[in-house]
Structure formats: C-alpha cells, structure tokens
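In: Using only what follows, build the 3D model:
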Amino acid sequence: MLAVEMRHITKRFPGVLADDDVSFDVRQGEIHALMGENGAGKSVLMSILSGLYRPDSGEILVDGRPVKFASPLDAIGAGIGMVFQSFKLFPSLTVAENVVFREEPTRHGLYDKRAAAAIVTQIAERYGLAVDPAAVTGSLPVGVLQRVEIIKALYRKAKVLILDEPTAVLTPQETDRLFEVLRSLQADGHTIILITHKMREVMAISERVTVLRDGRVVARLNTAETTGEEITRLMTGRDIDLEQSPPKSAPGAPVLEVSGLTCRQAGQKPAVDNVSLTVRAGEIVGIAGVAGNGQSELAEAIAGLRAADAGTVRIAGTDVTAGSVKVRRAAGLSYIPEDRHAVGTAPDADVASNLAMGHHRRPPLLQHGLLKRARLADFAQRLVDRFGIKVAGTGVLARTLSGGNLQKIVVARELDYASPLLIAEQPTRGVDIGAIAAIHKEIADYRDGGGGVLLISAELSEILSLSGRILVMFEGRIVADLEAAATNEAELGLLMAGGELAGAGKEAQS
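Out: Next comes the predicted model:
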C-alpha cells in the first residue's frame, strides 16, 4: 500500500517552473531516496508534501485519502513530518521543552516537566535515539540535535519522515548510528523519504530511488537493480568523476601563517585554543572536525569576522592580526563562509550584485569612480555560465534561488578573485554531485595555479580527495596532523570524536 502519492504536481515561481507535472509515490514502511541536481525540484516537492508550499495543480493522497495542506501543522496532523538540514530548535530550551513545544503535557493546568521528560525517554529508548531530556539544546553536538528533531516529529505521531540531507554534518560513526535509527523506525512501520546527494548512502539504505531533473521525474528505480553511476547519469546527463589529480608542483612559500590563535568564550572553553598552522602556495590543507569543535570560529578569526584574544595571523607575509576584513582582502584573502545566507550573500540583492561584491571596487567594473552596469552584467553572466548557476536571469533576487545555486554564487565570486589564499568552508554543502565535481575541479585548479587553500569540510571524502595534509580539530584544538594519503575516513572519524589512533606520532598538539 502507498503511504504517500503525489499526482501531477506543478509548482511555479516567478521565472521558474520548479516542478512540472511530477508524480511521486512512497510505499508504506520503505526508505525512499529522492535525488536530483540543485534546482531539479526535489526540495520544492517535499516542501509541498510537508505543507510549506501549496501546489499550483495536482493532488496529494495520504494512505489513499486526498488531502490539502495549508500549513506544516496540517501536514503533521496527517502524519507527515520533515527534519530540515538547518534544525528548528530553541537553543535556550531543554531537549524535552523543544520536543513538546506547543503540545506540552500539563498537570493541574501547568506544564508537567516530569511527564515531558518521560515522553522523550520513552521515544528515545524505543528507537535507539540516545538523548538527555534535561540537556540544554544549545550545548549539544549536531548529531544529538538531529535525534531531538526526529523525536519531536515522532512525538507528533509522524508516520512519514522526510529527512533533508540528514548526514551533511555527521561523522561516519554518527551516520552509522543514524542508519540504525532509520532501520529501527522502518521496522516499526514508519516510512522514510531521504533527500541526499551522497550516493553511497543511497545505495546502502534505500529500497527505491526517484530521480528528478529540471523539474520532472526521469527515473523510478529499485536500488538493488541500479548503480551509483547510473543514478548520477540520470541526474546530470553525463558521467561524473570525483577523483582529483595530485598537485602539479611542490608547495611554495607560506600564504597563511597562524600562530597561537585563541578565541575565548565567556564561561566556556576557548572556541579556538592555541591553534598554529601553515598553508603554502600550491597546497590544500584540510580541516576535519565535527561541527562545534572550533572550525567555524577558526575560519572567522582568520577572515577577520571574529576577534582573537591571542595569537597572530599572517596572509601572504602581511601581519593582519589587527586588520579589518577589508585589510585581509587586500592582503590576499578569498573566503567561502559556512553560512551562505547570513554571511555569504545579500538575499535581497540581485544575482549580479551578489556576484560583484568586492569586485565592484576595482576595474573593470569600477571606472573613474563609477560602477559600469553593462560590465557588471557581462561579469555576472560569465560566472553564471562558468559555474552552471541556474537562474532565470542575473536580475533575479538571490533569496529566490535554491540553496545549492546560492552556494554556487559564493564559490564563483570568491574563486574569481584569484587571491593567494582561499578559505573554503563547507564549499559543496547542499550542492548536487555534478556541481561538487565542478567545484572540486575549480579548487584543484586554484591550487595548481599557485593558490593556497584552507579547506574546512564535514565531508570526509571531500577532505581526503582534495587535501595534501589534514588537520583534525577537537574541542578547539588541533589534535592531529596527517598526510591525506596515509589515513582514511575511519581514522578521521575516530579522531574527530575525541579518540586516539593506535601508535605514536599522530598527535600534533595536546
């Protein structure tokens, strides 16, 4: 029996046909992968199913009955819950308070704290979702936050769970634990829809795959009867190779020198604790770590977005420790930030303006103190074509783009600076496999052109594929300095979780 059936769904936005006569179904009790390139329509389709958007035409059936959702509350009322990649939790509340928010158990008309904790414990124990109901959410690692989101949906009696890029910031060990949870939910009769770009995970856990391309369904496949290569071809229309060639020459002079960098937090351990590192011209140095262990704060401190309490930063030989972002740009810094929405782009500006940020201060866009609009339009179109950014035109607002295409804007703009140093923080988060391959090639070409790259990524395959050296961060410190060719995902995952490798000589700092 079908748990969900979406028939002939069409959804338009200004200048974009997001979903074009899409029919999609999921059987009860299956794990179903929904795949497609950025802009293919998968997130819009699932936003319709979860009540965030209304379709322009088409119908939705849940357990064989037609339904219409005016809001996510209607969807959850019908048993459909969505766990977003960016979690929707209140950091100042406890786990239990987040789970029962708006549906709190009461006793004598007052919030029943003990009953809320018991509810969370019961759900957690049933499905292997280890959490502490009394823990303050803002203090928890990302893997636990994800469990809280799943428990929240289950508390609301969701029988169909939509998971959006659920392993994007998890270690391999956390991913394995998540898969155990999903199999437990499946065994209990729940239906799982998985939106992901990670082919290995699709092949490992799903039973069926639906592939979207340009807003239409191009394939419905049984996972056991297909391959990752076939799915990739269906998604992109071409073969994709994520393997990168080694650097063409040995690393040169330092382009980034960080010494004793420390960023303190009031009443807590330092976010960045006495970190020293060097990146040389023609070299990619990867930083691996579970989210929340200081990688983002390190990048912000180097870029000038966060004040350092101690230590020094030198870019291409210039001491920029006390310098502004503008000073660091002038010294030779390009920066792809982790948060493409709040830091990387101006959502209410158009695509052309976002691509021109920083470039607008110099020729050819600036001439005699004036910004040349025709040149700006040509410049923006060149980057749109080069990086395959899917937009109706460079005049559309950035906030109308999918997350993946917004990421491409940031990557395109920063790589086009051709600075001596690039800090690339989660450069491929949320982008499709074709775009991942293109961005990887651009970063490798940047390295081969003499640029130095500090690559911060939760994707261990990305770190291993691109980096020459890998630094592992745990609780604000660098705990290992490894040659990429001499390690693997299992070792990195162990170090990222605070473990130790067998043998001596692996630890860089204590």
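In: rest of the way, CA atoms for contacts and neighbours
Out: Fine.
In: show me where pLDDT drops low in the protein?
Out: The chain contains residues with pLDDT under 70 at 168-169, 171, 502-510.
In: Find the centremost residue of it, please.
Out: Arg429 (3.5 Å; C-alpha atoms, centre = their mean).
In: Look up phi and psi at that one.
Out: phi -60, psi 130 (degrees, to the nearest 10).
In: now it: how far from Val160?
Out: Noted for Arg429: a distance of 25 Å to Val160, by C-alpha to C-alpha, to the nearest Å.
In: can you check Glu180 too?
Out: From Glu180 to Val160 the distance is 17 Å (C-alpha to C-alpha).
In: swap in Val4?
Out: Taken as C-alpha to C-alpha, the span from Val4 to Val160 is 8 Å.
In: and those two? which has more neighbours close in?
Out: Taking other C-alpha atoms under 10 Å, Val4 and Val160 do not tie; Val160 has more neighbours (30 against 22).
In: Who are the contact partners of the more buried one?
Out: Going by C-alpha atoms under 8 Å, 6 or more residues apart in numbering, Val160 touches 3, 79-81, 190-193.
In: repeat that for 7 Å
Out: 79-81, 190-192 (C-alpha atoms under 7 Å, 6 or more residues apart in numbering).
In: Which ones among those residues lie within strands?
Out: 80-81, 191-192 (DSSP state E).
In: Going along the chain, name the strands of the stretch 51-200 of the chain.
Out: Along the stretch 51-200 of the chain, the segments classed as strands by DSSP state E, counting those that start in this stretch run 57-62, 65-67, 80-83, 106-107, 110-111, 160-164, 191-195.
In: Show me what the second one is packed up against.
Out: Right, strand 65-67. If you count contacts as 3 or more C-alpha pairs under 7 Å, 6 or more residues apart in numbering; DSSP states H and E, strand 65-67 packs onto strand 57-62.
In: make it 10 Å
Out: Secondary-structure packing of strand 65-67 (3 or more C-alpha pairs under 10 Å, 6 or more residues apart in numbering; DSSP states H and E): strand 2-13, strand 57-62.
In: partners of the first one in the sheet?
Out: Read that as strand 2-13. Strand pairing for strand 2-13, using DSSP bridges, gives strand 16-27 (antiparallel), strand 57-62 (antiparallel).
In: Which of these sits closest to Asp239?
Out: Evaluated over the strands paired with strand 2-13, closeness to Asp239 peaks at strand 16-27, with 24.3 Å, by C-alpha to C-alpha.
In: That closest one: what's the following helix or strand?
Out: Sequence-wise, the next helix or strand downstream of strand 16-27 (DSSP states H and E) is strand 31-36.
In: before we move on, the earlier item: ok, the residue nearest to the centre of the chain - contacts?
Out: 165, 168-169, 197, 338-340, 403-404, 407, 436, 457-459 (C-alpha atoms under 10 Å, 6 or more residues apart in numbering).
In: again, but for Asp348
Out: Counting by C-alpha under 10 Å, 6+ apart, Asp348 has contacts 354, 396-400.
In: From Arg399, how far off is it?
Out: 6 Å.
In: got the residue ranges for the helices in the stretch 351-500 of the chain?
Out: Secondary structure of the stretch 351-500 of the chain (DSSP state H, counting those that start in this stretch): helices located at 351-356, 373-387, 403-415, 433-448, 460-466, 489-496.
In: chain center to the shortest one: distance?
Out: If you compare the mean C-alpha spot of helix 351-356 with that of the full chain, they lie 22 Å apart, counting by C-alpha atoms, centre = their mean, to the nearest Å.
In: Next, format the ones in strands among the contacts of Val160 as CSV and append distance to Val211 and neighbour count.
Out: Output for those, formatted as CSV (distance: C-alpha to C-alpha, whole Å; neighbours: other C-alpha atoms under 10 Å):
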residue, distance to Val211, neighbour count
Ile80, 21, 27
Gly81, 21, 28
Thr191, 18, 26
Ile192, 16, 27
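In: Turn the residues you listed into CSV, columns for distance to Leu73.
Out: Converted to CSV, the ones in strands among the contacts of Val160 look like this (distance: C-alpha to C-alpha, whole Å):
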residue, distance to Leu73
Ile80, 9
Gly81, 9
Thr191, 19
Ile192, 19
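In: quick revisit: which of the contacts of Asp348 are buried? Put it as a PyMOL command.
Out: Here is the PyMOL selection string for the buried members of the contacts of Asp348, based on 16 or more other C-alpha atoms under 10 Å:
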select buried, resi 354+396+397+398+399+400
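In: ok, of the contacts of Asp348, which one's closest to Ile315?
Out: For those, the nearest to Ile315 is Asn354 (24.8 Å; C-alpha to C-alpha).
In: Thr227 is nearest to which of the strands paired with strand 2-13?
Out: That would be, of those and by C-alpha to C-alpha, strand 16-27, which comes in at 20.3 Å.
In: And that closest one, what's buried?
Out: Buried residues in strand 16-27 (16+ other C-alpha under 10 Å): 17-27.
In: Could you figure out how far that strand is turned away from strand 31-36?
Out: Angle, strand 16-27 to strand 31-36, by axes from the mean of the first three to the mean of the last three C-alpha atoms, to 10 degrees: 160 degrees.
In: Now do the contacts for the closest residue to Ala490 other than its chain neighbours.
Out: Excluding the flanking residues, the one nearest Ala490 by C-alpha to C-alpha, 6 or more residues apart in numbering is Pro172, at 7.1 Å. Pro172 sits next to 178, 458-460, 489-494, 496 when contact means C-alpha under 10 Å, 6+ apart.
In: hmm, back to that, please name whichever of the strands of the stretch 51-200 of the chain is nearest to Leu422.
Out: Per C-alpha to C-alpha, nearest to Leu422 of those: strand 160-164, 28.7 Å.
In: which one of the contacts of Val160 is nearest Val391?
Out: Gly81 (29.7 Å).
In: I'd say that closest one and Ile48 touch.
Out: No - the pair Gly81 / Ile48 is not scored as a contact, 11.9 Å apart, by C-alpha atoms under 10 Å.
In: Now do the shared contacts for these two.
Out: 72, 75.
In: returning to that earlier point: let's have the buried residues of strand 16-27 in JSON lines, adding distance to Ser419.
Out: As requested, the buried residues of strand 16-27 are arranged in JSON lines below (distance: C-alpha to C-alpha, whole Å):
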{"residue": "Leu17", "distance to Ser419": "37"}
{"residue": "Ala18", "distance to Ser419": "36"}
{"residue": "Asp19", "distance to Ser419": "39"}
{"residue": "Asp20", "distance to Ser419": "42"}
{"residue": "Asp21", "distance to Ser419": "45"}
{"residue": "Val22", "distance to Ser419": "44"}
{"residue": "Ser23", "distance to Ser419": "46"}
{"residue": "Phe24", "distance to Ser419": "46"}
{"residue": "Asp25", "distance to Ser419": "48"}
{"residue": "Val26", "distance to Ser419": "48"}
{"residue": "Arg27", "distance to Ser419": "51"}
